[in-house]
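Colleague: no sequence for this one, just the structure:
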């Protein structure tokens, strides 16, 4: 005998699906590597330091920080040597992988939307961006979260020279 049970995941919130807020400030270190670094526009890679504030248990967060070019040639005054960033992001867990219930190695996907201000000695540019991401929570408990992620930054201005990969590691604590 064959018994097939089809279940549909609810799409409207119910009592068990309410948003749970948390207070988890933290720090994120990133490396941003433009896909097509171009002389006079972008560096080979940038080091980034962000303040990251998680405010829901399902991992909604904001980040504020800056990227600094690794090397700035003395004669290149047009290259963007600093990037200032503010963003909002959300991460999602797959229901097939346990919805992030484990304490170790939870795979997640997500996105960031934000605003970047690029600046150099004699140049500046401001642009909104979107960034799809995939990551792994290395460890989490009720008091801290350590995770890594890789994302692809797609700015809306000067997209050819400023889009690229971002690799990040973050540590957040309950406060």
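Modeller: Cool, the structure landed. Please read these numbers as outputs of a predicted model, since none were measured by experiment.
Colleague: on the three-state scheme, residue 42 is what?
Modeller: Classification of residue 42 by DSSP: H, G, I helix; E, B strand; the rest coil places it in coil.
Colleague: thought it was touching residue 78?
Modeller: No: Residue 42 is beyond contact range of residue 78, at 10.4 Å (criterion: C-beta atoms under 8 Å). In this view, the C-beta of every residue, glycine as well, is placed from N, C-alpha and C.
Colleague: so which of the two has more stuff around it?
Modeller: Ranked by neighbour count (other C-beta atoms under 10 Å), residue 42 and residue 78 place residue 42 first, with 26 against 12.
Colleague: check contacts around the residue nearest to the more buried one when sequence neighbours are not counted.
Modeller: Excluding the flanking residues, the one nearest residue 42 by C-beta to C-beta, 6 or more residues apart in numbering is residue 34, at 4.4 Å. Counting by C-beta atoms under 8 Å, 6 or more residues apart in numbering, residue 34 makes contact with 42, 43, 44, 45, 161, 162, 163, 164.
Colleague: tell me which residues form a beta bridge with residue 34?
Modeller: Using DSSP bridges, the beta-bridge partners of residue 34 come out as residue 164.
Colleague: find me the pLDDT at the residue most central in space within the chain, would you?
Modeller: Residue closest to the average C-alpha location in the chain (C-alpha atoms, centre = their mean): residue 112, at 5.6 Å. pLDDT for residue 112: 94.
Colleague: same deal with the one 4 residues further on?
Modeller: Note for residue 116: predicted pLDDT of 94.
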